[in-house]
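[1] Pasted the sequence and its predicted model underneath.
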Amino acid sequence: MPTRSLTKTNNTLELQLDHYRCSLDDTPSNQKVFTILSRTFKDVDTGKPVFTFQEISKGVGHQDRQYSNNLYRDFQARNNDFQQYLSRKNTLKDSSFLLIESQILESPFLPLNEHYTLFTRHHPALSLSRTTFEKYVSEIESNKLLKRYQALSAERNVSIDVPAYLKDILELATVTPGKHKEIVSIFPEVEETPAVEPLDFDADRCQFKLFLAFLYACGLAQHIMALLFGVSQTTVHNSMYDVCGEGLEVGILDAITHWSGQVSFDEKWIKINGVWHFMLSAVDAVSGFPLLMGVYTSLDDMSWRVFFLKFKAIYGVPRMILSDGSVSLLAAKANVFAHVRHQLCKFHTLKNLIKKIRTHVSDSTLRRRAYRLAKHIFSNRYLSSRKFAAKTLQHIAGEKVSRYIEQRILGQWRKLTQSQTNNVAERWNRTLEKGFVVRYGIPTLQSANVLMSALWFKELLLHGRKHGEKTNSIHSMSLPKICQEKLEIGNILHFFKDNGGSCLEKLG
């Protein structure tokens, strides 16, 4: 083993490895030996290790301190016995696990399929299968991943609701019992809650509360409902919050038994107590009925991945996915629904192309021709004519427009061949926007979930019954019957007297 010199630069000890790299093969085995020896160097005054794990990792070509930390912990687990440590059987896991862990922790937001591609490219000698790679990834300690997520989120100024994220993961049952125990031991607040029973739409005690939720989704204020039904506003509020919980969501999902297999995914931003949140939706691309919704604190591939996993657990794998060109959505889709056919919304792509033309084509005559060609790309009957329009526009519209067409249209041509639109998801987003915009403010996440559930229930009553079996209890609900039973003429007259003033005199 060649000698290594210790120097002091800017009051910091650094490891000099030039001689080591020149005279010693830089193999994984040598790196492990060198890592252990470097950590054993102690300061004569303090007795503390001279080199940090970060310095040692960098010295052997790794950016993450976890590489050297893991090796040293393995050495300690063998009673600091060099002979036992060096003579252990060098399995495939020994050769690859630390490399996989270091790579995952370096870029935890990268989709797993991209991680596997990078790993096989950088370490072809290991010949690791995709299944084995994913198995080793699943064995990475949860607290390491979470700390890395939090550190990167702080750097990017992104807020991640870790307990909510972990709760979603546990509910999806995508982790082994050992991993489940590990997560709960570190974050006890995310322990799984008992399974929620679906709401019985046929129960008399629920139907009036559901009717209040329906009126609330239609934009009626709580104090107006209180006057119309002769109850207090607190009663109205408590009734809606009691019924618009997880039981209603499970009941709606239980009622949906038919869907087309084609799904549009989209997001809508909302403000909760002045903080931006994001409502993700999965909408049946044929009927326009919402199949799944959820509120998340950040719009990244992690949120989309959890949402996709939920959808997959409930509905299975769709035949086709429609969406806009969201980078985080596409990254999550590549991870969860890698082999599902994907089509980009033609209107989103056309709108972005028109914006590019307006910005970069100054001549008015040329701009009008460019607009016509842009529309031909998505509206022409023949696929070859559409591609010809795209290439013609590339030729006449200048470098920046041409580059956009090359990257976002011709570069993703297979995702635009069916000339599909994501309009059904956009229409549902407009319904959500109207429901939230008429409120003076959404104070809590619970308030947002109550309103979201009420809007979803209203859509189920008006347009979604065809997605369920005729025997489902949702078909027992009759809005006219509830009105006849609960709306009394005295309450209505009292309402007009208090709110209309001379309305009754005019009617009389």
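    Yes, it's here.
[2] How are the strands of the chain distributed by residue range?
    For the chain, applying DSSP state E gives strands covering 6-9, 12-15, 262-272, 275-284, 290-296, 320-323, 341-344.
[3] Using CSV, please lay out those strands together with mean neighbour count.
    Quick note: C-beta positions are derived from backbone N, CA and C, even for glycine. Conversion of these to CSV gives the following (neighbours: other CB atoms under 10 Å):
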stretch, mean neighbour count
strand 6-9, 9
strand 12-15, 14
strand 262-272, 20
strand 275-284, 20
strand 290-296, 21
strand 320-323, 22
strand 341-344, 20
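[4] Save the ones you listed as a markdown table, and put in distance to Arg39 and mean pLDDT too.
    Output for the strands of the chain, formatted as a markdown table (distance: least, CB to CB, whole Å; pLDDT from 0 to 100):
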| stretch | distance to Arg39 | mean pLDDT |
| --- | --- | --- |
| strand 6-9 | 14 | 40 |
| strand 12-15 | 11 | 42 |
| strand 262-272 | 47 | 90 |
| strand 275-284 | 44 | 90 |
| strand 290-296 | 41 | 90 |
| strand 320-323 | 49 | 92 |
| strand 341-344 | 48 | 89 |
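[5] out of everything not next to it in sequence, what's closest to Gly468?
    Ala255 (4.3 Å; CB to CB, 6 or more residues apart in numbering).
[6] typo on my end, it should be Phe41
    Val50 (4.3 Å).
[7] before we move on, what about Ser260?
    Val286 (3.9 Å).
[8] Distance of that neighbour relative to Thr257?
    15 Å (CB to CB, to the nearest Å).
[9] for Phe337, same thing?
    21 Å.
[10] One more: Asp202?
    Applying CB to CB to Asp202 and Thr257 gives a distance of 17 Å.
[11] now Arg121
    Taking CB to CB, one finds Arg121 at 45 Å from Thr257.
[12] now swap in Gly411 and tell me
    39 Å.
[13] Same question for Ile36.
    On the measure of CB to CB, Ile36 and Thr257 end up 60 Å apart.
[14] the more surrounded of those two?
    Taking neighbours as other CB atoms under 10 Å, Ile36 and Thr257 compare with Ile36 leading, 20 against 10.
[15] pLDDT wise, what is the more buried one at?
    Reported pLDDT at Ile36 in the predicted model: 77.
[16] per-domain residue ranges of this protein.
    Following automatic domain parsing, the chain resolves into domains at 6-88, 144-190, 346-415.
[17] Of those, which shows the lowest average pLDDT?
    What stands lowest among the domains of the chain, in mean pLDDT terms, is domain 144-190, with a mean of 61.
[18] what ranges do the helices span in the stretch 151-300 of the chain?
    Assigned by DSSP state H, counting those that start in this stretch, the helices in the stretch 151-300 of the chain fall at 162-171, 177-186, 204-217, 222-229, 233-243, 246-255.
[19] and the fifth one, which residues are buried?
    Burial within helix 233-243, assessed by neighbour count using 16 or more other CB atoms under 10 Å, is assigned to Val236, His237, Ser239, Met240, Val243.
[20] So which elements touch that helix?
    helix 204-217, helix 222-229, helix 445-463 (3 or more CB pairs under 8 Å, 6 or more residues apart in numbering; DSSP states H and E).
[21] still on that earlier bit, of the strands of the chain, which is nearest Arg430?
    strand 262-272 (8.9 Å; CB to CB).
[22] quick check, distance from that closest one to the centre of its chain.
    Chain-centre distance of strand 262-272: 11 Å, with CA atoms, centre = their mean, to the nearest Å.
[23] Tell me what angle it forms with helix 445-463.
    Here strand 262-272 runs at an angle of 140 degrees relative to helix 445-463 (axes from the mean of the first three to the mean of the last three CA atoms, to 10 degrees).
[24] partners of strand 262-272, with directions?
    With DSSP bridges as the test, strand 262-272 is paired with strand 275-284 (antiparallel), strand 320-323 (parallel).
[25] Rebuild those as TSV, extending it with distance to Arg403.
    Below are the strands paired with strand 262-272 laid out as TSV (distance: least, CB to CB, whole Å):
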stretch	distance to Arg403
strand 275-284	30
strand 320-323	23
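[26] Much appreciated, bye for now.
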